[in-house]
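Undergrad: Dropping a prediction and its sequence here:
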Amino acid sequence: MSTGHRFLSPAPQFEPPANDTHTSVRRRTPSPALSSTSQLSPHSGRSPRRSTLHDHPALHTEEVTPEARRFAELALRLTLEVMDRRRVPAQLRAVAVPAVVDVIHSIVRSTGHAGRRLGTATLERVRVRSVRSDAAEVFGTYTRGDRVFAIAARIESGNGARSPGWAITSLRIA
């Protein structure tokens, strides 16, 4: 049996290197095959042209109140502190509906929270967009060590434990 040739190649690198020696950033240039001047045929494998914002009715553009902005930042910061076990999950009851508190509590109880070994979570950026007068979408970034992660939530006024104020009704941490 001959073992002279190998037909396997190394797997491509999808993650950035763990050390800081590699700082160059490659930018993707548009492929000439996918330029806007090429014709779309039923068999080309390309998707039809996407619609623009002008094709849709205007989204709700009501200004977000300063109270909602302050609440969003405070609530996300508190959530990250609970995830890091710097605060107890019961403190989330003041800012979130019971379903969200229960999910965070179960994540904290589990032993396999992979992000925790990267370091303490630090909230970096928070943005708030109004959906209705009593609801807003919150999204932002936080860091653990050298890595940047995303966090998003929906907050609603008059919902949850804080009836007159804002509360987190859904949460997504990546």
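TA: On my side now, so go ahead.
Undergrad: just the CA coordinates of stretch 140-157, formatted as CSV?
TA: What follows is stretch 140-157 as a C-alpha-only set of coordinates in CSV (Å, rounded to 0.1, in the frame of the first residue of the first chain):
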residue,chain,number,x,y,z
GLY,A,140,-25.4,47.4,21.6
THR,A,141,-21.9,45.9,22.0
TYR,A,142,-19.9,44.7,24.9
THR,A,143,-16.4,43.4,25.3
ARG,A,144,-14.8,40.4,27.1
GLY,A,145,-11.1,40.7,26.9
ASP,A,146,-10.2,41.5,23.3
ARG,A,147,-13.4,40.1,21.8
VAL,A,148,-16.5,42.2,21.0
PHE,A,149,-20.0,40.7,21.4
ALA,A,150,-23.5,41.8,20.6
ILE,A,151,-26.5,42.3,22.9
ALA,A,152,-30.1,43.2,22.0
ALA,A,153,-33.4,43.6,23.8
ARG,A,154,-36.9,44.9,23.5
ILE,A,155,-38.1,47.2,26.2
GLU,A,156,-41.7,48.2,26.9
SER,A,157,-43.3,50.7,29.1
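Undergrad: Now tell me what touches it from outside.
TA: Applying CB atoms under 8 Å, 6 or more residues apart in numbering, the contact partners of stretch 140-157 are 20, 68, 71-72, 75-76, 79-80, 115-116, 118-128, 131, 134-139, 165-174. (Each C-beta comes from the backbone N, C-alpha and C, glycine too.)
Undergrad: give me that answer again for 6 Å
TA: By CB atoms under 6 Å, 6 or more residues apart in numbering, the residues outside stretch 140-157 that reach it are 76, 80, 115, 118-119, 121-126, 134-139, 166, 168-174.
Undergrad: Okay, buried residues for it please.
TA: Within stretch 140-157, the residues that qualify as buried are Gly140, Tyr142, Thr143, Arg144, Phe149, Ile151, Ala153, Arg154, Ile155, Glu156, Ser157, counting by 16 or more other CB atoms under 10 Å.
Undergrad: cool, stretch 93-109 as well?
TA: Those would be Val95, Ala96, Val97, Val100, Val101, Val103, Ile104, Val108, for stretch 93-109 by 16+ other CB under 10 Å.
Undergrad: Mind checking the pLDDT average for that stretch?
TA: The average pLDDT for stretch 93-109 rounds to 90.
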